[in-house]
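Novice: Sequence and predicted structure are below.
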Amino acid sequence: MNVSRRTFNKLIAGAGLAAPFHIIRPASAQEPKKGDELVVGIWGGAQEKIVREHVEKPLVEKYGCKISYVLGGTGDRRARAYAERGRPSFDVLYLNIFESRQAVKDGVTQAPTPAVKNFEALYPSARKGGYGVAFNPCTIVYDKTKASKPITSWKDMWNPEWKGRIAWPDGLGAEGISALMMAARVWGGDEKNADIAFEKVKELKPFAAIQGSQAQLFEMFDQKLADLSVEFGSFTQSYVETRNPNIAIAKPVEGQALSMNVACITEGTKNQKLAEEWINLHLSEPCMLAYARQIYYSPTVSNITVPDDIKSKLVLGDADVAKLVDFDWDVINASRAKWQAKYDREIAG
Amino acid sequence: MNRWIGPALAAPVTLWLLLSFAAPMFVVLVLSLHEYPDPFGPLFITPSIAQFRDIVSDGFYFGVVSETILLGLGVTVITALLGYPLAHWLARMPVKYRAAAFAVILIPLLTNVVVRSLGIILLLAPEGLINSVTGLIGIPPARYMLFTHGAVAVALAQVFLPFMVLALYDNLQNTSPRVHEAAQSLGASPAVRFLTVDLPLSLPGLRSGAVIVFLMATTAYVSASLLGGKKVWTTGMLVLQEAIKNLNAPLAAALAIIMTVTGLAFAALCAYLLNRLMPWLKGKPSNPWSIPRWIVPVINILGPIVSKLLLAASLLLLLLPLVLVCIQSFNDVPQATASGFRGFTLKWYEAVFFAGTYADAFWVSVRLAVTSMLVALALSLPAAFALARYPFKGRSALLTFWLLPMSLPHVAIGVGMLRLLQIYLIIPPFLGLVAIHVIVILPFAITLLTTSVMGLDRAQEEAAASLGASPVRRFFLIIMPGLAPGLFAAGIVGFLLSFGEVTVTSFLTTARLTTLPVRIYSESTFSLEPTAHAISAVLIVFTVIALVLVGRVVRLDRLYAR
């Protein structure tokens, strides 16, 4: 076959353009080998410690692999994973409920499959956008010594006694979205009519602070910088028991907001099987119970036995899970950019 | 033949900057002309001014840009106020103590910005040092010093004060003693002499210090994020939020362009106004600065007191945060930002040295810093010879280009580089990081090595040549030994600058390639244990040792001589 110089040049040019994409390979389920490295992007603190003990250790014992962690908030992780779509440096990425669903749509992470054995035991709401590993509902947390009466409704935040003492959540992360959506719900709006929430939240200004993380919020409580916020009840329970018994975790009549940590496997990972094993171990009883006991994260699988002494502090079973206030995440994801801009202008600062 | 030597020597550094600095800035410009964000779309599309139109028509952006400029001006004024007494103190320091005194400036300068910001948090927190001290004399605690514009201004002043001091010192130490004697013989007291002689003569230093501090302060985001607690917005934070959190690269790029243009415009204005106060630089006569007679006694009484207070404040501002970080590394508290000493512990050091949680990131930083430093030296050395020995047409313009990375927002370079790496998937992330770190080091390495080359004794080379030594032998046996102190100093400074860099690096790190400062910054925004302080304390000690080593071969006060 004769190939003209022009055709040859086109082929070379085509090959050159396509060259970078040779590394984008479909996920393969090859058996893990000794020395393989699994990169896990996860929150720091207690969560890192628990997975080191209950997931990393058995996985390393079984395969002789190496685990590397990237710690921090989900924003950085998500941005990196998006920048690396098709050539991920992460294998397993922990995201929150709405980020995980969007990442699957954007081709950054994989949808969950029964390849992870414990998939079958997941509650239905934990099978979307990845593998839900913990229910950790968001609610109002506050210093009860500063409250004239216990908080029983989301509307209680608008009680004038909290004016200037609220640390509102930063941006539209899990806590920020929960606070905003619950404000919408209790004041007559919803995901499709969020303006009412913005108007009501603006009424709460001035805020004592904008809290960027739960660790920062607990420090604010310790130092009396703020007395109320919206935060994960799970971690706050641990904080109450170890550091500050004055803090109360509200159980509003309107319900607590559904929030969930989700483990996601990146599209294009070279460690598919290892990543699936990792998540399976995370969903196993020892890890789920360690999460529940140490930081009151509620299990997302129904095939484990929870000790009686912590049952009352967790969300357990279909009925409990059904009580959590879920949102239309597709609408939220579609509105995020607009809401973030509105948040920056009207709530923060 | 000879006329090509200069351009040839200047070519490598120019080429490097074109690829790793001009290219990302060009990408930023192209991105800013995208109509809407598409993280996975092509780079070159039909240009649109939609982003700029949105920014200009939105009062929020105008407000943030204005606040950032005001913040930058405030920080510039604070650093000038605190910088003068410190620079004056350094310039009057006996030579044998001057190197040690310089360490006061250099240690904070070379300690990474995250650590210094954490130190400021420990200073301003409700149970922090300031409230603890004022509490001892019965003053009620000021609970809301953190998360304010003031807190951000203090943190930025701490970070950029060394640059102002170094710029002022250059001028103040070059003032001839005869000028001082003349002023004294005419009856000027030290305070009056400072106001009428030293101050006017130091205005060129103030001009360069003010420009660099203003540009750096208006583009910073790390300190603003940590100390502003998201209540204080700066343009750098907006760029970061749009680029990283909202994945809106076009808006981030457009904001970066506006930030660059406004920053440079204000810097030019600042330089223009100060130039008007220095007509003598253009050979024009100037009106002598005179002080009303009635105010002289006031100046004589208050001057020494105020200058001593400002000197103490500047020394405290520079060093206290570092001391607090070291103390916190032994503090048994649940998290890094918890102030108040609650008990002595070594567990954070145990975690650093034995648990190895920071080991990987530490070694990435070391490999990156060593590689970047070596590349920067290899590029700077020929450039220094081109500047010092082989003048050619356009040299000044080229030098301006070489020094530009120092004054343009690193956050903008980061946005561009991130996209470049996305496009050229094949470029290893490590190489991308080296490319950026080299441009951070280059301005310092070039100025330092140019000074060293200018200081070489040409007579030795001529003597060697007359004895028959070839150019290669002369280079290795005469020139290199003569340059060794300068190379060593540039190497150490380059290493430390790269090791502590976080602004651009945070855009480019990957899961397998995270540097130590980025990891600390990343954790500090979520949940950071005092382990970070332990490793920072170790790094501070490491910096001190490095400076002692540098000090043995070159006087520290010459490190930034221009």
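Specialist: Right, received. Where do you want to start? Keep in mind that what you see is a predicted model, and the values were worked out from it rather than measured.

Novice: Chain neighbours aside, what residue packs nearest to residue 127?
Specialist: Looking at chain A here, since you left the chain open. For A:Arg127, the nearest residue in space outside its immediate sequence neighbours is A:Pro112; the separation is 5.5 Å by C-beta to C-beta, 6 or more residues apart in numbering or on different chains. Using the backbone N, CA and C atoms, a C-beta is placed for each residue, glycine as well.

Novice: you looked at the wrong chain, it should be chain B
Specialist: With C-beta to C-beta, 6+ apart as the measure, B:Gly340 is the residue that lies nearest to B:Glu127, at 4.1 Å, once sequence neighbours are left out.

Novice: With A:Ser229 instead?
Specialist: The spatially closest residue to A:Ser229, leaving aside those adjacent along the chain, is A:Ala167, at 4.4 Å (C-beta to C-beta, 6+ apart).

Novice: what about the nearest residue to B:Ala351 once chain neighbours are set aside, distance to B:Val115?
Specialist: Take B:Ala351 and drop its neighbours on the chain: the residue closest to it by C-beta to C-beta, 6+ apart is B:Thr531, 4.7 Å away. Per C-beta to C-beta, to the nearest Å, B:Thr531 is found 12 Å from B:Val115.

Novice: Those two: which is more packed in?
Specialist: More neighbours surround B:Val115 than the other of B:Thr531 and B:Val115, with 26 against 21 (other C-beta atoms under 10 Å in any protein chain shown).

Novice: hang on, that one packs against B:Ile520?
Specialist: Yes. Taking C-beta atoms under 8 Å as the contact criterion, B:Val115 and B:Ile520 are neighbours in contact, 7.2 Å apart.

Novice: Which residues are in contact with each of those two?
Specialist: Applying C-beta atoms under 8 Å, 6 or more residues apart in numbering or on different chains, one finds that B:Val115 and B:Ile520 are jointly contacted by B:532, B:536.

Novice: residues in contact with residue 120?
Specialist: Unless you meant another one, I'm taking chain A. The contact partners of A:Glu120, taken as C-beta under 8 Å, 6+ apart, are A:Pro114.

Novice: if you could check chain B rather than the one you did, that'd help
Specialist: B:151, B:154-155, B:158, B:223, B:227, B:321.

Novice: any chance of those in a markdown table, plus distance to chain A and secondary structure?
Specialist: Compiled in a markdown table, those are given as follows (distance: C-beta to the nearest C-beta, whole Å; DSSP: H, G, I helix; E, B strand; the rest coil):
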| residue | distance to chain A | secondary structure |
| --- | --- | --- |
| B:Ala151 | 12 | helix |
| B:Val154 | 17 | helix |
| B:Ala155 | 16 | helix |
| B:Gln158 | 21 | helix |
| B:Ser223 | 14 | helix |
| B:Leu227 | 12 | helix |
| B:Pro321 | 18 | helix |
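
Novice: Check these against B:Pro24 and report the nearest one.
Specialist: B:Ser223 (23.2 Å; C-beta to C-beta).

Novice: And for the strand or helix carrying B:Ile545, what's in contact with it?
Specialist: Here B:Ile545 sits within helix B:531-553, counting by DSSP states H and E. Residues external to helix B:531-553 that are found in contact with it (C-beta under 8 Å, 6+ apart): B:99, B:103, B:106-107, B:110-112, B:114-115, B:118, B:322, B:325-326, B:328-329, B:331, B:336, B:348-349, B:351-352, B:357-358, B:362, B:484-485, B:488-489, B:492-493, B:495-496, B:499, B:516, B:520, B:523-524, B:556, B:559.

Novice: List only buried entries from those residues.
Specialist: With neighbours counted using 16 or more other C-beta atoms under 10 Å in any protein chain shown, the contacts of helix B:531-553 contain these buried positions: B:99, B:103, B:106-107, B:110-112, B:114-115, B:118, B:322, B:325-326, B:328-329, B:331, B:336, B:348-349, B:351-352, B:357-358, B:362, B:485, B:488-489, B:492-493, B:495-496, B:499, B:516, B:520, B:523-524, B:556, B:559.

Novice: Narrow these to those in helices?
Specialist: The helices in this structure, assigned by DSSP state H, contain B:99, B:103, B:106-107, B:114-115, B:118, B:322, B:325-326, B:328, B:348-349, B:362, B:485, B:488-489, B:492-493, B:495-496, B:499, B:516, B:520, B:523-524 from those.

Novice: which of these come close to chain A?
Specialist: When C-beta under 8 Å from any C-beta of the partner chain is applied, the members of those adjacent to chain A are B:Glu523.

Novice: Can I get the lowest-mean-pLDDT helix or strand in chain B in PDB, CA atoms only?
Specialist: Least confident helix or strand of chain B, by mean pLDDT, DSSP states H and E, is helix B:410-423 with a mean of 77. The C-alpha trace of helix B:410-423 is given here as PDB (Å, rounded to 0.1, in the frame of the first residue of the first chain):
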ATOM      1  CA  HIS B 410       1.200  33.800  41.200                       C
ATOM      2  CA  VAL B 411      -2.400  32.700  41.500                       C
ATOM      3  CA  ALA B 412      -2.900  33.800  37.800                       C
ATOM      4  CA  ILE B 413       0.200  31.800  36.700                       C
ATOM      5  CA  GLY B 414      -1.300  28.800  38.600                       C
ATOM      6  CA  VAL B 415      -4.700  29.000  36.800                       C
ATOM      7  CA  GLY B 416      -2.900  29.100  33.400                       C
ATOM      8  CA  MET B 417      -0.500  26.300  34.300                       C
ATOM      9  CA  LEU B 418      -3.300  24.100  35.500                       C
ATOM     10  CA  ARG B 419      -5.000  24.400  32.200                       C
ATOM     11  CA  LEU B 420      -1.700  23.900  30.300                       C
ATOM     12  CA  LEU B 421      -1.100  20.700  32.200                       C
ATOM     13  CA  GLN B 422      -4.600  19.500  31.400                       C
ATOM     14  CA  ILE B 423      -4.000  20.100  27.700                       C
END
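
Novice: For the helix or strand that that helix is followed by, enumerate the helices and strands it packs against.
Specialist: Using DSSP H and E, the helix or strand that follows helix B:410-423 in sequence is helix B:429-454. Judged by 3 or more C-beta pairs under 8 Å, 6 or more residues apart in numbering or on different chains; DSSP states H and E, helix B:429-454 is in contact with helix B:2-17, helix B:359-389, helix B:395-407, helix B:410-423, helix B:480-500, helix B:505-508.
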